[in-house]
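In: One predicted model, sequence on top.
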Amino acid sequence: MTRYLDEDLGGAEFRECDLTGARLVGVVMQNATIDGLVTNLVVNGVEVTGYVEAELDRRHPVRALLRSEDPADLRQAARQLHADWAATIERIRRSPGIERRSVNDEWSAVQTLRHLIFVHDSWFRRCCLGSTELFSPMGIGPAVEPYRDAHGIDLSLDPTLDEVISVRNAQAAELDGWLDDATAEQLDTLAPVPPDDVWPPYARGRSVRRCLGTVLNETFEHHRFCVRDLDLITSAPPPLT
């Protein structure tokens with residue numbers, strides 16, 4: 001374990017880091033932001049994860065539906081997520097060009113939507129349907145090789161917002177149509193992940209419900225990130241001329 005003693009880490013950024021088991025003792029932490037998969041977090045002797053989760057549920061009631069095993073709840077959750085994204089896309093359209101702006105090295109709105117195209121192709125079509133078809137070329141997947149530009153992805157593409165939305169709308173309709181007929185027994189079965197070396201390689205052995213959960217949770221979380229960044233962009237003072 002790396003040990004930092006009496007170090008000045010003011011302004012440090014930890015991105016895509018595993019901090020499991022990290023201990024911060026006698027630290028000064030003001031105006032700090034933690035965003036990620038956080039569980040069992042103890043602050044000054046108080047386990048705060050429950051408070052955080054309850055507040056997130058209050059702000060985003062759809063989270064309770066996302067945790068459900070009932071297909072009816074999952075259908076409702078999917079439609080709510082699609083509606084939330086539709087409202088955000090309308091917001092984006094009211095500010096042409098904002099879809100390509102980013103803050104804090106995060107994805108822009110159009111890049112986020114392109115990533116969700118990849119999520120649908122990989123976690124839904126491959127893992128829930130067992131599809132071996134190539135992914136949509138405009139999707140954006142993980143940065144790691146050999147998956148970065150594999151299985152049909154074309155990183156040279158620069159699609160317009162409308163082109164990306166057209167694909168996402170078709171995917172939403174496909175997911176909704178499948179969920180309309182999904183049963184609890186079907187969701188509980190082993191995911192029919194094809195036996196090849198295509199993303200996600202670690203999905204084998206998971207249930208259909210768990211793979212579907214990845215699709216829905218990614219759709220929710222990336223919407224949250226997108227709205228957060230749009231708020232930051234629109235609230236920033238105009239540049240000096």
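Out: Nice, thanks for sending it over.

In: And stretch 194-205, what's buried?
Out: Buried residues in stretch 194-205, counted by 16 or more other C-beta atoms under 10 Å: Val198, Trp199, Pro200, Ala203. Heads up, the C-betas are built off the backbone N, CA and C, glycines and all.

In: Adding secondary structure, pLDDT and distance to Arg23, write those out as a markdown table.
Out: A markdown table is the format used below for these (DSSP: H, G, I helix; E, B strand; the rest coil; pLDDT from 0 to 100; distance: C-beta to C-beta, whole Å):
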| residue | secondary structure | pLDDT | distance to Arg23 |
| --- | --- | --- | --- |
| Val198 | coil | 93 | 39 |
| Trp199 | coil | 94 | 34 |
| Pro200 | coil | 94 | 32 |
| Ala203 | coil | 96 | 33 |
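
In: Quick check: of these, which lies closest to Arg209?
Out: Taking C-beta to C-beta as the measure, Ala203 is the one of those closest to Arg209, at 12.4 Å.

In: so who does the closest one touch?
Out: Contacts here follow C-beta atoms under 8 Å, 6 or more residues apart in numbering; on that basis Ala203 touches Trp123, Arg126, Cys127, Ala191, Val193, Cys211.

In: switch the cut-off to 6 Å
Out: When contacts are counted by C-beta atoms under 6 Å, 6 or more residues apart in numbering, Ala203 touches Cys127, Val193, Cys211.

In: which residues in the protein form strands?
Out: Along the chain, the segments classed as strands by DSSP state E run 42-43, 46-47.
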